[in-house]
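Asker: 3D model of this:
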Amino acid sequence: MNTEEKIREILFELSGMEITDNNASLQEDLALDSLAMVMLLIEIEEAFGIELDESDMNPFELNTVQDVIVLVSKYLGDENEQTS
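Answerer: Here you go, the predicted model:
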């Protein structure tokens with residue numbers, strides 16, 4: 001499972017919605033509330049074995065699925081980055 005697929009799986013678990021567009025809004029399209037946004041950051045750290053810097057811990061700086069992919073790719077390195 002690549003980075004993008006794993007992120008989509010986490011978002012599905014949090015929202016109950018299938019992600020078909022990386023430009024989907026986390027709050028508007030996937031209906032993630034403030035608690036779900038915080039849970040997203042925790043799930044990302046656990047799933048990818050990373051520790052996010054404090055500067056990246058503001059969940060409201062993440063607006064779209066693509067923003068989450070870019071954030072995780074920043075920690076994993078460019079070789080894992082997926083774009084759509």
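Asker: contacting residues around Met57?
Answerer: Leu41 (CB atoms under 8 Å, 6 or more residues apart in numbering). Every residue, glycine included, has its C-beta placed from N, CA and C.
Asker: and it, backbone torsions?
Answerer: Main-chain torsions, Met57, degrees, to the nearest 10: phi -90, psi 10.
Asker: Point to the residue nearest the middle of this structure.
Answerer: Using CA atoms, centre = their mean, the residue of the chain that lies closest to the mean C-alpha position is Val68, 3.4 Å off.
Asker: Could you point out the longest helix of the protein?
Answerer: Assignment by DSSP state H gives helix 34-48 as the longest helix of the chain.
Asker: helices or strands up against it?
Answerer: Helix 34-48 is packed against helix 3-15, helix 65-76, with contacts defined by 3 or more CB pairs under 8 Å, 6 or more residues apart in numbering; DSSP states H and E.
Asker: how distant is the first one from the center of its chain?
Answerer: Between the mean C-alpha location of helix 3-15 and the chain-wide mean there is a distance of 7 Å, by CA atoms, centre = their mean, to the nearest Å.
Asker: And for the last one?
Answerer: Centroid separation between helix 65-76 and its chain, computed with CA atoms, centre = their mean, is 7 Å.
Asker: Now do the buried residues in it.
Answerer: Of all the residues in helix 65-76, those buried under the rule 16 or more other CB atoms under 10 Å are Val65, Gln66, Val68, Ile69, Leu71, Val72, Ser73, Tyr75.
Asker: what is the rounded mean pLDDT of the longest helix of the chain?
Answerer: Helix 34-48 carries an average pLDDT of 95.
Asker: now it against helix 3-15, angle please.
Answerer: Put simply, helix 34-48 runs at 140 degrees to helix 3-15, going by axes from the mean of the first three to the mean of the last three CA atoms, to 10 degrees.
Asker: what about Asn63, distance to Met39?
Answerer: Look at Asn63 and Met39: by CB to CB, to the nearest Å, they are 17 Å apart.
Asker: ok, Met1 touching Ile7?
Answerer: No: under the criterion of CB atoms under 8 Å, Met1 makes no contact with Ile7, lying 9.9 Å away.
Asker: any low-confidence regions in this structure?
Answerer: Along the chain, the model assigns pLDDT under 70 to residues 78-84.
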